[in-house]
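J.: Pasting the sequence and the predicted coordinates here, then a few questions.
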Amino acid sequence: MTRALLAELPALPLHEAGKYVAGAYIVAFALVLIYVAIMALRLTRVERELSELIERTESAAKSPTDRLSQATQEPPLA
Amino acid sequence: MYGKGLRTLSFATVASFFLALGLVFFYAPLEAEQGFLQKIFYLHVPLAIVALCGFVAGGIMAIMHLRTRDQRWDMRSYVAIHMSLIFGVGTLITGSIWAKGSWGHWWVWSEPTLVSFLIVFLLYAIYQPLRFSIEDSERQSRYASVFAIVAGAFVPLNFLAVRLSTEYLHPRVLGSSSNLPPKMRLTFLVCLAAIALLYITLCKFEMTAKHTRSQVRALRRALSGEASRLGRSAVPTLDQAPGRAAGMGTGTPSASVASSGAPAMGRPGV
């Protein structure tokens, strides 16, 4: 059925005009692709910044408990 | 906040694009005069229409910004104009390719539609440098809004002026779509819907990215205890808004952090 449907479809006349049509569509898709690539790069930067901030927050939250545990492990003064 | 429904919108855009391409190449009949070259019409004209509508929408959003002083409207206006500029580049390039194939020249200066679109494009090309030239964010957004309104009003005026001009070399689409055969009209409308969906999706995507970035910046400022803005930028800042973006807390950076679920540590010197 698919084969019969494809046979019914008109063939694409890719002669002289074909290169202009292909050029126009490729340029439009390339523009969108470049835009999405730039946005993806920016998003990667934001992700990196966010993970760095999370790391800083976790280390800041951990440090008081570390100090507390260190204090409890310290031998009593003679 | 901005990312809600982005995935559905993206899928709808991709599906509509596949449908539009299928209709363009396998359903719409070949035009009698231009033949296969006329297929550029289904890409070039919707790109131009969506870009021009985006410029006007940017102006309307700028009015909303001046009325409400809500920075989110400034952000929307900025993104709409930014995206329209990208679509404008696409319009100019595809139009140039079509002109070369059809008329044998990349550009025809005597053609009012081409030149008027270039004028509108160049007018909006100074929007970003204008923003960047003003350091104070409040003044920047105000001046940018005034510019967006004036330029947005210029777009329909320009369109009308071209319509009223005597030369009619450029094919007319709006107002004369009844001239198109039904198959071509349907294909054109589907292409227009696909390009409009792409525009909306990319706008939403960019707004989500910018909103996330401003939230990360606010978080960074809160953690490092910086009060000032980081450098000059042409991009509107949501975190300095009087109305505030959703999820950004009440105002102070530390309040934003506390409301976002991160431990409220005051100014931890890390």
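T.: Happy to help now that I have it.

J.: what's near enough to touch the residue of the stretch 101-250 of chain B found nearest chain A?
T.: In the stretch 101-250 of chain B, the residue found nearest to chain A is residue B:101; the distance is 3.6 Å by Cβ to the nearest Cβ. (C-beta placed from N, C-alpha, C; glycine too.) Contact criterion Cβ atoms under 8 Å, 6 or more residues apart in numbering or on different chains gives A:16-17, A:20-21, B:37, B:40 as the residues in contact with residue B:101.

J.: One more: residue B:127?
T.: Counting by Cβ under 8 Å, 6+ apart, residue B:127 touches B:81, B:85, B:144, B:147-148, B:151.

J.: Of the residues you listed, just say which sits nearest to residue A:61.
T.: Using Cβ to Cβ, the shortest approach to residue A:61 within the contacts of residue B:127 belongs to residue B:144, at 40.1 Å.

J.: wait, doesn't that closest one sit right on residue B:132?
T.: No. Residue B:144 sits out of contact with residue B:132 when judged by Cβ atoms under 8 Å, with a separation of 10.2 Å.

J.: ok, those two, which is more surrounded?
T.: Applying other Cβ atoms under 10 Å in any protein chain shown to residue B:144 and residue B:132 shows that residue B:144 carries more neighbours, namely 24 against 13.

J.: From the contact counts, what lies against the helix or strand containing the more buried one?
T.: Residue B:144 is part of helix B:137-164, with elements assigned from DSSP states H and E. Packed against helix B:137-164 by the contact rule (3 or more Cβ pairs under 8 Å, 6 or more residues apart in numbering or on different chains; DSSP states H and E) you find helix B:41-68, helix B:71-103, helix B:112-125, helix B:127-133.

J.: Out of those, flag the one nearest residue A:33.
T.: With Cβ to Cβ as the measure, helix B:71-103 is the member of the helices and strands packed on helix B:137-164 nearest residue A:33 (11.8 Å).

J.: angle of the closest one against helix B:41-68?
T.: 160 degrees (axes from the mean of the first three to the mean of the last three Cα atoms, to 10 degrees).

J.: before we move on, the earlier item: ranking the contacts of residue B:127 by neighbours, who comes first?
T.: Neighbour counts for those peak at residue B:148, which has 29 neighbours (criterion: other Cβ under 10 Å).

J.: Is the lengthiest helix in chain A in proximity to chain B?
T.: Selection of the longest helix in chain A by residue count, based on DSSP state H, yields helix A:16-73. Yes. Using Cβ under 8 Å from any Cβ of the partner chain as the criterion, contacts between helix A:16-73 and chain B involve A:16-18, A:20-21, A:23-25, A:27-28, A:31-32, A:35, A:39, A:42-43, A:46, A:49-50, A:53, A:56-57, A:59-61.

J.: follow-up on the earlier one: need the next SSE after the helix holding residue B:144, C-terminal direction.
T.: That would be, after helix B:137-164 and using DSSP H and E, helix B:182-224.

J.: now for that following helix, which elements pack on it?
T.: Using 3+ Cβ pairs under 8 Å, 6+ apart as the contact criterion, the neighbours of helix B:182-224 among helices and strands are helix A:16-73, helix B:6-26, helix B:41-68, helix B:71-103, helix B:253-259.

J.: Can you name the residues that contact residue B:141?
T.: Applying Cβ under 8 Å, 6+ apart, the residues near residue B:141 are B:65, B:71, B:74, B:236.

J.: so can I have a markdown table of the residues you listed showing neighbour count, pLDDT and distance to chain A?
T.: Formatted as a markdown table, these follow (neighbours: other Cβ atoms under 10 Å in any protein chain shown; pLDDT from 0 to 100; distance: Cβ to the nearest Cβ, whole Å):
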| residue | neighbour count | pLDDT | distance to chain A |
| --- | --- | --- | --- |
| B:65 | 26 | 94 | 24 |
| B:71 | 23 | 89 | 19 |
| B:74 | 29 | 93 | 20 |
| B:236 | 25 | 78 | 16 |
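
J.: got the residues of the stretch 1-150 of chain B near chain A?
T.: Residues of the stretch 1-150 of chain B lying close to chain A (Cβ under 8 Å from any Cβ) are B:25-26, B:30, B:34-37, B:39-40, B:43-44, B:47, B:86, B:89-90, B:93-94, B:97-98, B:100-101.

J.: Filter the residues you listed down to the buried ones and hand me the PyMOL line.
T.: Buried residues within those, as defined by 16 or more other Cβ atoms under 10 Å in any protein chain shown, are selected in PyMOL through the command that follows:
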select buried, chain B and resi 25+34+36+37+39+40+43+44+47+86+89+90+93+94+97+98+100+101
